[in-house]
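Q: My questions concern the predicted model and sequence given below.
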Amino acid sequence: MAVFRYPLSTLEKHPHYDLMQALDERPRRIPSKYFYDDRGSRLFERITDLEEYYPTACESEILHRHARDILTDCGVPKYLNLVELGAGDGRKTLHLLKAARDKGVAVNYRPVDISAQALDDLQARLHESLPDLRIEPAVMDIEREFEKLPIDPKERNLVLYLGSSLGNFTPDEQRVFLDSLCEKLHSGDRLLLGLDLKKDPAVLQKAYDDSKGVTRAFNMNLLERLNREVHADFNPNRFKHVAVYNPSTGAMESWLLSLEEQSVHLRNLNMSLHLDAFEAIHTETSWKFSPRDIKALAHTTGFTRLASFTDYRGYFCDELWTCP
Ligand code: AVJ
């Protein structure tokens, strides 16, 4: 389970503690946050440009269409501390930033991301469209540095957690995360939460195994990253990208399946893996949500739902919540 608390134990402070633990579990895992090194973040941006990866287009449509409504539902404050978790390239957020400018809301935009490269790209891009924007990026692993989130106790906060990134946590982790966030926010602060809705698995399948192979490359990059970062000797050709919908959990799952029996050595971690033929390493679960799931999630974590916005196909939704 991800941490979301502080201080970390001595063991947890090891930079690859979570990775070593996960590789030792059965089924073996690589934590999903490892996708987002600089190369992985760029690959993810290419995914978001794919026709088949609908979530980004849907959420962009929602934010474009409803940016003003969202600010109205935030009470159109004079000043807004806008914290974005896992901001990535920030393209969707531009709609909200422009609406704030047009409404005279002074925004301090504080994008948080695990990739420094992604934040540099974002800053350069935003500087072109909104040269006067006040922006304070922060490189951060929100699982391990939750207490460092740049929430301002003296100002109105709007936290953005878009793209259904929450869906990469297990349901238990989702609740713990939202509980902790609600506790950290003040009465009247807002959360805009992007959630991918349950839908025909055929649509999901194409989104997570696209015809150009970008998602495959994104998944394989995990192995290449470990080769670079901890001097492992994975041979990506000996693995297969597998993306499947699990109807019993209502989630998409991504795996790296070993095509043969093999041993892999991770030199800097002092660790060897023996993989059987067709043994699979779990790399990501992308939970999908039903309207009932969403209601329950808000209810059990102490948030009040203010509004829900969806795209024309009804594939995705952005939920605006507040803490009492
Ligand atoms: C945007 C991080 C939630 O699960 O859909 C895209 C990442 N993985 N294609 C998702 C992802 C494979 C993604 N998140």
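A: Perfect, I can see it now.

Q: Number of residues surrounding the residue in the chain that the ligand sits nearest to?
A: For the chain and the ligand, the shortest gap (C-beta to the nearest ligand atom) falls at S286, measuring 3.3 Å. (Glycine included, C-beta is placed from N, CA and C.) Residues near S286, counting by other C-beta atoms under 10 Å, number 20.

Q: where does V159 land in three-state SS?
A: The local conformation at V159, judged by DSSP: H, G, I helix; E, B strand; the rest coil, is strand.

Q: Please apply the same query to R144.
A: Taking three-state DSSP, the label given to R144 is coil.

Q: all strands of the protein, in order?
A: Per DSSP state E, the chain has strands spanning 79-85, 106-113, 134-135, 138-139, 157-161, 190-196, 239-246, 251-258, 262-266, 271-275, 280-287, 304-310, 316-322. These are given in chain order.

Q: Just list what the lengthiest helix in the chain packs against, helices and strands only.
A: The helix of greatest length in the chain, counted in residues with DSSP state H as the criterion, is given as helix 54-73. If you count contacts as 3 or more C-beta pairs under 8 Å, 6 or more residues apart in numbering; DSSP states H and E, helix 54-73 packs onto helix 93-103, strand 190-196, helix 201-208, strand 304-310, strand 316-322.

Q: Now do it: everything it contacts.
A: Identification of contacts with helix 54-73 by C-beta atoms under 8 Å, 6 or more residues apart in numbering yields 48-49, 91-93, 95-96, 98-100, 102-103, 105, 162-164, 190, 192, 194, 196, 203, 207, 306-307, 309-313, 315-318, 320.

Q: Give the buried residues for that helix.
A: 54-63, 66-68, 70-71, 73 (16 or more other C-beta atoms under 10 Å).

Q: So which of those residues reach the ligand?
A: P55 (C-beta under 6 Å from any ligand atom).

Q: By mean pLDDT, which helix or strand of the chain comes out lowest?
A: Counting by mean pLDDT, DSSP states H and E, the weakest-scoring helix or strand in the chain turns out to be helix 10-13, with a mean of 75.

Q: Within range of the ligand, give me the residues from the stretch 1-150 of the chain.
A: Taking C-beta under 6 Å from any ligand atom as the criterion, the contact residues of the stretch 1-150 of the chain with the ligand come out as 47, 55.
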